[in-house]
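Asker: pasting a predicted model and its sequence here:
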Amino acid sequence: MDRFQILDERYDVYDKILYLDTDILLTPNYGDIFEKYAHADIAGHNIVHWRDLELLEKGWLKDAVDPERYKSNYFHGDIFLISRPFRQWLRANVDPLEINVDKGKHWNTHGIETRWPVFDQSLFAYWLTKSPFKLTHLAEEYTIGSEIIHEGGAKSDTTTQRFFEKFESVNAHWQKYMTSSEAENESGT
């Protein structure tokens, strides 16, 4: 739930905030997501988690939202760009910081075992569905491919080691990129 901290009003000095999970690396050739999605109130990776689909079909979400709007506004919490107007709307209409505390509640709702509050991306999609805003779906080059490295899923010693090996490689690439960019700036090119 730590990602809800980006909704704090002290960050309203920023037009947009890019959120990346800690298991994501971007290479220097990653596109300018801020420029590409300058018009978007919220842009995200539109993939609905299977557990939310179950809740939508036979759980508490079934009667709470328009199913097609929910699916269209659902975004995986790995990478998203969120605007100041949407952050302000959330603060005015819901209390996202209150749910930052995991109540640890478990219950069986309509035959589906759930854990409060399900997923943070579930809540974002729910709020987005109820808001006047809509999700702009990120293009594939911003979510998968050689310029974005995402070590998603359960972590083990092997996956963690693999991630840090990738980090070393990407970091070396960034250092080389930064050095060449600084040299270009000094030479005026």
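Answerer: Here it is on my side, so go on. Numbers count the residues shown, from 1 in each chain.

Asker: looks to me like Leu18 is in a strand.
Answerer: Yes - per DSSP: H, G, I helix; E, B strand; the rest coil, Leu18 lies within a strand segment.

Asker: the longest strand in the chain is where?
Answerer: Counting residues, the longest strand found in the chain (DSSP state E) is strand 76-83.

Asker: partner strands of that strand and their direction?
Answerer: Paired neighbours of strand 76-83 in the sheet (DSSP bridges): strand 16-20 (antiparallel), strand 42-45 (antiparallel).

Asker: winner for burial among those strands?
Answerer: strand 42-45 (a mean of 24; mean count of other C-beta atoms under 10 Å). In short, each C-beta sits where N, CA and C put it, glycine included.

Asker: list the contacts of that strand.
Answerer: The contact list for strand 42-45 (C-beta atoms under 8 Å, 6 or more residues apart in numbering) reads 33, 37, 75-76, 78-83, 86, 128, 133, 135-138, 142-143.

Asker: how about 7 Å then?
Answerer: 37, 75-76, 78-83, 86, 128, 133, 135-136, 138, 143 (C-beta atoms under 7 Å, 6 or more residues apart in numbering).

Asker: pLDDT on whatever helix or strand comes next after it, on average?
Answerer: Counting by DSSP states H and E, the next helix or strand C-terminal to strand 42-45 is helix 50-58. Averaged across helix 50-58, pLDDT comes to 84.
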